[in-house]
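Peer 1: What follows is a predicted protein model with its sequence.
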Amino acid sequence: MPVKIPTTLPARTTLENENIFIMDEDRAIHQDIRALRVAILNLMPTKISTETQILRLLSNSALQVEVTLLNTATHESKNTDADHLLEHYVTFDDVKDQKFDGLIITGAPVEQMPFEDVDYWQELKRIMDWSETNVESTFHICWGAQAGLYHKYGIPKYDLPRKMFGVFEHRLLNRTESLMRGFDDIFLAPHSRHTEIRREDIEKHSELQILAESEDAGVYIVSDKDGRNLYITGHSEYDPLTLKGEYDRDVNKGLPIHVPKNYYPNDDPSKMPNVRWRGHANLLYANWLNYYVYQSTPFDPNEIPKRNK
């Protein structure tokens with residue numbers, strides 16, 4: 001089944017050109033199934049690119065997914081056209097009385113700030129608290145993962161001496177966990193961040209388990225043992241040229257940045273990068289939708305969350 005998105009969303013044209021099966025609302029309403037309701041809290045400044053990346057991965061499933069795009073009311077986006085936000089996004093107050101099968105909280109370029117100094121921190125805490133009673137499973141990405149672990153468990157983030165930037169090998173630590181089904185023992189994923197969380201802090205909490213980590217990039221996938229919250233410290237959703245775009249942007253601004261590791265052939269930025277993380281990314285999202293959302297969520301959305309794993 002496809003992801004169900006509005007006909008006016010810019011991502012639609014991109015996905016159709018990639019021959020990805022999407023469905024408009026008129027066709028979806030005639031299918032005698034309940035679509036999974038997934039909200040995406042998009043904290044990235046490049047909202048349209050992030051929408052497209054995540055929708056591409058949500059579409060690679062046998063499940064019909066109905067997406068609601070959320071943005072913060074306490075922060076005004078300066079990089080996305082206001083008309084796009086007005087037409088396609090809603091705020092937390094618009095959905096706070098609703099139930100969702102899944103929630104995705106994206107990363108944000110605020111990781112070097114203390115959490116409490118982020119202008120939408122109080123609003124984000126409300127959303128994360130609300131998700132405990134109104135969402136079956138929440139998928140946190142990069143800074144969103146750091147924010148979730150800090151808010152719920154008090155786990156700190158630490159500044160890195162140099163940006164974690166590139167594509168890194170990761171080791172599978174728990175092959176019996178549903179999220180990791182089908183994963184290779186060693187798999188690749190992109191990272192782009194200035195801070196990290198540490199294994200020793202996570203291990204202080206018996207409710208958490210580390211499912212994958214990297215010798216170079218550190219902890220990668222963390223999960224509550226009941227599967228209600230997943231924390232992904234990297235960017236499996238990145239397009240082939242996303243890291244290139246970040247690198248070129250910083251070079252053009254004269255900012256200190258090193259070539260992303262293991263991304264360009266022979267680490268030569270004059271060459272086109274190879275994509276080596278796409279299979280893992282699709283499997284990660286498909287497993288989340290299947291095992292942590294579809295197979296756990298009740299048919300009646302009013303009963304969300306309802307799980308004893």
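Peer 2: Received the coordinates, thanks. Numbering: from 1, shown residues only.
Peer 1: taking the mean pLDDT, what do you get for the longest helix along the chain?
Peer 2: With secondary structure taken from DSSP state H, the chain has its longest helix at helix 121-134. What helix 121-134 shows for mean pLDDT is 97.
Peer 1: Buried ones in it, by neighbour count?
Peer 2: Neighbour-count burial for helix 121-134, counted by 16 or more other CB atoms under 10 Å, picks out 121, 123-125, 127-128, 130-131, 134. No exception for glycine: its C-beta is placed from N, CA and C like everyone else's.
Peer 1: In CSV: these, plus distance to Arg12.
Peer 2: Listed next are those as CSV, based on distance: CB to CB, whole Å:
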residue, distance to Arg12
Trp121, 32
Glu123, 28
Leu124, 28
Lys125, 33
Ile127, 26
Met128, 29
Trp130, 29
Ser131, 27
Asn134, 27
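Peer 1: for the protein, which spans come out with low pLDDT?
Peer 2: Along the chain, segments meeting pLDDT under 70 span 1-5, 15, 18-33, 79-83, 85-86, 306-309.
Peer 1: Can you name the helix or strand that the closest residue to Leu289 other than its chain neighbours falls in?
Peer 2: Excluding the flanking residues, the one nearest Leu289 by CB to CB, 6 or more residues apart in numbering is Ser61, at 5.1 Å. Using DSSP states H and E, Ser61 is not contained in any helix or strand.
Peer 1: circling back to that earlier point, quick one: which of the buried residues of helix 121-134 is nearest Asp97?
Peer 2: Using CB to CB, Asn134 is the member of the buried residues of helix 121-134 that lies nearest Asp97, at 8.5 Å.
Peer 1: who's in contact with the closest one?
Peer 2: By CB atoms under 8 Å, 6 or more residues apart in numbering, Asn134 lies in contact with 96, 98-100, 304-305.
Peer 1: Most neighbours of all the residues you listed, which one?
Peer 2: Sorting the contacts of Asn134 by how many neighbours each has (other CB atoms under 10 Å) puts Phe100 first, at 25 neighbours.
Peer 1: I'd say that one and Val135 touch.
Peer 2: Yes: with contact defined as CB atoms under 8 Å, Phe100 and Val135 form a contacting pair (4.9 Å).
Peer 1: Pull up the overlap in contacts between these two.
Peer 2: With CB under 8 Å, 6+ apart, Phe100 and Val135 have common neighbours 39, 304.
Peer 1: centre of the chain versus stretch 49-62, how much separation?
Peer 2: 10 Å (CA atoms, centre = their mean, to the nearest Å).
Peer 1: same question, stretch 283-299
Peer 2: With CA atoms, centre = their mean, you get 15 Å for stretch 283-299.
Peer 1: swap in stretch 177-197?
Peer 2: With CA atoms, centre = their mean, you get 12 Å for stretch 177-197.
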